[in-house]
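Undergrad: Below is the sequence, then the predicted model.
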Amino acid sequence: MVILDMVSEKIIEERLKALRSTIALHDFHYYVQDAPIIPDADYDVLFRTLQQLEQQYPHLITPDSPTQRVGAPPLKVFTRLTHQTPMLSLTNAFTEDEAIAFDKRIREALNVDQVNYAVEPKFDGLAVSLVYTNGILTNGATRGDGYTGEDITLNLRTIPSIPLRLQTASAINQFEVRGEVVMLKADFEHLNEQQRNKGEKLFVNPRNAAAGSLRQLDSNITAARKLTFFAYDAVLSHKNQPLFSKHSAILDYLKSQQFLVAQQSGMTTGVAGLLAYYHEMSTLRLSLPYEIDGVVYKVDNLTQQETLGYVSRAPRFAVAHKFPAQEASTKLLAIEIQVGRTGALTPVARLAPVFVGGVTVTNATLHNEDEVQRKQIMIGDTVIVRRAGDVIPEVVAVILEQRPAHAQPFIMPDHCPACGSKAARLPGEAVTRCTGGLYCPAQRKQAIWHFASRRALDIDGLGEKLIDQLIDCELVHTPADLYKLNIDTLAGLERMAEKSARNLVTAIEHSKRTTLPRFIYALGIRHIGEATAKALANQTSDLDRLMTLNIEQLQQIPDVGPVVAQSIADFFSEAHNREVIRQLLSSGLQWEVANHDAQQLAQTNSAVSGKTFVLTGTLPTMTRDQAKIKIEQQGGKVTSSVSSATSYVVAGSDPGSKYTKAIELSIPVLDEDQLLSLLQNISIDAQQGN
């Protein structure tokens with residue numbers, strides 16, 4: 001400790017006071033207003049300066065210093081604190097009729113035609129009381145039984161949105177602030193991500209996370225978790241010193257003291273205003289940064305509140321209008337498997353009907369096998385089901401204490417329940433998938449849409465709506481069935497005239513002449529994109545041989561690692577897929593097989609191999625995709641943008657900005673004839689940018 005004379009100590013004291021005030025102001029802007037006014041680095045400098053001064057002069061540290069928000073040594077047990085004024089619960093209203101009846105009782109008791117109400121969201125957190133003595137935070141407690149709560153002062157002091165000192169002096173010695181400690185949704189997700197990474201138990205919802213964090217005997221744990229305090233009321237310790245006349249004035253005062261008050265708090269008049277606010281908050285509920293489970297209506301005039309008084313353990317002048325519960329418990333009757341459009345096998349809980357989130361729920365997602373194991377879910381358990389708005393209901397937790405003796409573990413099936421094909425889970429993935437992609441009924445629409453897409457077989461005119469019709473009418477079951485369609489069958493479909501039918505049949509016939517890379521890509525094998533499909537085709541040039549390669553042989557091919565190799569092997573090992581491929585080839589699908597001379601040309605055509613091309617505009621006789629294939633067959637590379645690394649720009653009619661950039665960069669520009677000559681290794685004179 002540094003020994004000071006009285007003058008020097010006074011100077012240091014003033015310096016410390018100024019630093020604390022400045023840091024408290026920035027805490028308010030950052031944590032309460034969510035609008036910092038200085039960079040983090042500047043804040044850190046201020047905080048470190050305060051810490052250093054307090055380390056030098058520890059006898060000048062005050063309880064309201066921002067440095068005192070850090071955790072204290074662990075407690076052995078919480079002590080009890082008696083509330084100066086009871087923290088009573090609110091009566092609940094669950095229907096509009098109950099809200100209307102509340103307003104009617106208020107009007108009749110006050111003998112008035114209309115009442116002004118303060119309205120605010122009902123936080124789903126932990127209610128606490130803060131006591132300020134001479135402007136300094138001295139005590140903090142949970143609601144407890146309403147009369148006595150647990151002393152959690154040390155934990156509350158770690159919450160940045162709780163002021164350690166009031167901004168203005170009060171006429172009363174003690175000032176009590178009441179509010180709710182919550183964990184914001186984003187902070188809850190971050191906390192659970194940390195828990196997941198550490199292999200520790202996840203919290204079920206933000207309320208449980210907030211309550212668990214706030215009731216830690218070690219306040220260092222509380223300090224490490226992000227909690228937020230919203231103030232919603234204040235109590236005077238001496239009723240003969242009235243400070244406010246309205247509840248809305250209390251909220252304004254709390255804001256002036258830099259407490260965080262919900263932005264959605266407000267004023268309204270009459271029952272119509274109450275119900276309008278309820279519906280507005282119901283709509284906003286999912287978009288709010290914190291969880292709420294209803295709204296609160298309070299008579300705004302404090303004299304009227306006193307007139308109305310209390311009944312049992314609740315005030316007559318206020319009510320909580322609750323939203324339909326988002327969570328409820330029920331029995332898990334069975335676990336079934338749902339097969340998605342991409343072949344994902346998702347376990348689905350079949351539940352005893354339960355009313356949650358405003359609807360009766362009988363099914364809920366379990367996500368995947370890992371989630372079932374992590375949550376220790378067994379068939380026969382009593383589970384907690386959550387439904388928020390339009391979100392698919394999910395099972396969030398098991399009530400282990402209610403597990404019956406006959407509960408059965410869940411085992412993920414090794415075959416697809418929709419088609420009987422093998423179900424596989426690739427390394428590093430959480431999802432088990434059906435391998436019968438070309439055959440599986442659950443995957444039909446996705447498989448056929450992908451097969452007909454532009455970069456696959458490119459069947460012009462075969463869109464998603466028409467695919468839906470073909471499958472719903474049971475005209476198409478696999479991609480091979482597309483080649484059995486005729487004009488008469490297609491013309492009989494809704495919104496399908498004879499001309500459209502003829503055009504589609506022509507497009508289907510045209511698609512029979514393709515390339516091996518396109519055909520491999522069209523099969524829809526998981527993890528196989530265009531580049532990998534080309535690598536497979538270039539390596540084998542024979543589909544039959546490709547279908548027989550084992551995992552070790554596949555991994556010798558460029559771009560094919562263990563996961564991709566496993567996916568390819570699983571796909572071709574499935575008899576259903578091989579049968580569909582056989583039917584496709586029998587329908588007349590074919591491609592040119594590259595011979596040794598052509599491969600040699602690709603290796604020796606120095607005019608193309610290793611060069612980078614950009615295609616722009618409309619070519620006279622080829623599509624850009626066809627030109628791209630020809631270039632890549634001879635070792636060239638096609639990119640989408642022009643840069644200094646571009647070797648040639650191939651331009652058709654209406655070439656656009658790529659042509660302009662080629663001119664600016666003096667990159668050679670070829671027309672279609674010049675490109676074909678280059679592909680034949682014939683010397684050309686290309687147009688230069690200059």
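TA: Noted; the coordinates are in hand. Numbering: from 1, shown residues only.
Undergrad: how is the chain carved up into domains?
TA: Split into domains by the TED database, the chain comes to 1-68, 91-322, 327-406, 440-512, 516-587, 599-680.
Undergrad: Please tabulate those domains in JSON lines, including the columns mean pLDDT.
TA: Converted to JSON lines, the domains of the chain look like this (pLDDT from 0 to 100):
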{"stretch": "domain 1-68", "mean pLDDT": "74"}
{"stretch": "domain 91-322", "mean pLDDT": "89"}
{"stretch": "domain 327-406", "mean pLDDT": "90"}
{"stretch": "domain 440-512", "mean pLDDT": "93"}
{"stretch": "domain 516-587", "mean pLDDT": "91"}
{"stretch": "domain 599-680", "mean pLDDT": "84"}
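Undergrad: So which of those is nearest R433?
TA: domain 327-406 (4.3 Å; C-beta to C-beta). In this view, the C-beta of every residue, glycine as well, is placed from N, C-alpha and C.
Undergrad: Could you tell me how far the residue most central in space within the chain is located from G340?
TA: A centroid search over the chain (C-alpha atoms, centre = their mean) returns E189, at 9.2 Å, as the residue closest to the centre. To G340, E189 is 24 Å away according to C-beta to C-beta, to the nearest Å.
Undergrad: and if you look at T303?
TA: For T303, the distance to G340 - C-beta to C-beta - is 61 Å.
Undergrad: for I12, same thing?
TA: 68 Å.
Undergrad: same question, V128
TA: 45 Å.
Undergrad: Which one's more surrounded, the two?
TA: A direct count of neighbours by other C-beta atoms under 10 Å for V128 and G340 places V128 higher, at 24 against 15.
Undergrad: which residues sit in contact with that one?
TA: 140-143, 149, 152, 156, 178-181, 214, 229 (C-beta atoms under 8 Å, 6 or more residues apart in numbering).
Undergrad: Just the buried residues from those residues, in ChimeraX please.
TA: To isolate the buried ones among the contacts of V128 in ChimeraX, judged by 16 or more other C-beta atoms under 10 Å, type:
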select :140,141,142,143,149,152,156,178,179,180,181,214,229
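Undergrad: Among the contacts of V128, which are located in strands?
TA: Among the contacts of V128, the members found in strands (DSSP state E) are 140-142, 149, 178-181, 229.
Undergrad: For the longest helix anywhere in the chain, list every residue counted as buried.
TA: Ranked by residue count and defined by DSSP state H, the top helix of the chain is helix 6-27. Neighbour-count burial for helix 6-27, counted by 16+ other C-beta under 10 Å, picks out 16, 19-20, 23-24, 26-27.
Undergrad: repeat for stretch 202-218
TA: Neighbour-count burial for stretch 202-218 [16+ other C-beta under 10 Å]: 202-207, 209-214, 216.
Undergrad: Save those as JSON lines, and put in distance to P427 too.
TA: As requested, these are exported to JSON lines (distance: C-beta to C-beta, whole Å):
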{"residue": "L202", "distance to P427": "24"}
{"residue": "F203", "distance to P427": "29"}
{"residue": "V204", "distance to P427": "30"}
{"residue": "N205", "distance to P427": "33"}
{"residue": "P206", "distance to P427": "34"}
{"residue": "R207", "distance to P427": "37"}
{"residue": "A209", "distance to P427": "32"}
{"residue": "A210", "distance to P427": "38"}
{"residue": "A211", "distance to P427": "39"}
{"residue": "G212", "distance to P427": "35"}
{"residue": "S213", "distance to P427": "36"}
{"residue": "L214", "distance to P427": "41"}
{"residue": "Q216", "distance to P427": "39"}
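Undergrad: Distance to G652 and secondary structure added to these, as JSON lines?
TA: Shown next, in JSON lines, are the buried residues of stretch 202-218 (distance: C-beta to C-beta, whole Å; DSSP: H, G, I helix; E, B strand; the rest coil):
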{"residue": "L202", "distance to G652": "57", "secondary structure": "coil"}
{"residue": "F203", "distance to G652": "60", "secondary structure": "coil"}
{"residue": "V204", "distance to G652": "61", "secondary structure": "coil"}
{"residue": "N205", "distance to G652": "59", "secondary structure": "coil"}
{"residue": "P206", "distance to G652": "58", "secondary structure": "helix"}
{"residue": "R207", "distance to G652": "63", "secondary structure": "helix"}
{"residue": "A209", "distance to G652": "60", "secondary structure": "helix"}
{"residue": "A210", "distance to G652": "63", "secondary structure": "helix"}
{"residue": "A211", "distance to G652": "67", "secondary structure": "helix"}
{"residue": "G212", "distance to G652": "66", "secondary structure": "helix"}
{"residue": "S213", "distance to G652": "64", "secondary structure": "helix"}
{"residue": "L214", "distance to G652": "68", "secondary structure": "helix"}
{"residue": "Q216", "distance to G652": "70", "secondary structure": "coil"}
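Undergrad: Which of those residues sits closest to L110?
TA: R207 (34.7 Å).
Undergrad: what residues are up against the closest residue to the closest one other than its chain neighbours?
TA: Nearest in space to R207, with sequence neighbours left out and distances taken as C-beta to C-beta, 6 or more residues apart in numbering, is D124 at 4.9 Å. By C-beta under 8 Å, 6+ apart, the residues touching D124 are 182, 205-207, 290-293.
Undergrad: ditto for S657
TA: With C-beta under 8 Å, 6+ apart, S657 has no contacts at all.
Undergrad: which stretches of the stretch 301-450 of the chain form helices?
TA: 302-308, 369-374, 444-452 (DSSP state H, counting those that start in this stretch).
Undergrad: Of these, which stretch is the most buried?
TA: helix 444-452 (a mean of 22; mean count of other C-beta atoms under 10 Å).
Undergrad: Make sure D559 is actually in contact with A531.
TA: Yes: if you go by C-beta atoms under 8 Å, D559 and A531 touch, sitting 6.1 Å apart.
Undergrad: Show me what the longest helix of the chain is packed up against.
TA: With contacts defined as 3 or more C-beta pairs under 8 Å, 6 or more residues apart in numbering; DSSP states H and E, helix 6-27 has these neighbours: helix 40-56.
Undergrad: If we go by neighbour counts, what in the helix it packs on is buried?
TA: Neighbour-count burial for helix 40-56 [16+ other C-beta under 10 Å]: 43, 46-47, 50, 53-54.
Undergrad: Let me have these in TSV, adding distance to R545 as columns.
TA: TSV is the format used below for those (distance: C-beta to C-beta, whole Å):
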residue	distance to R545
Y43	65
L46	71
F47	68
L50	73
L53	78
E54	76
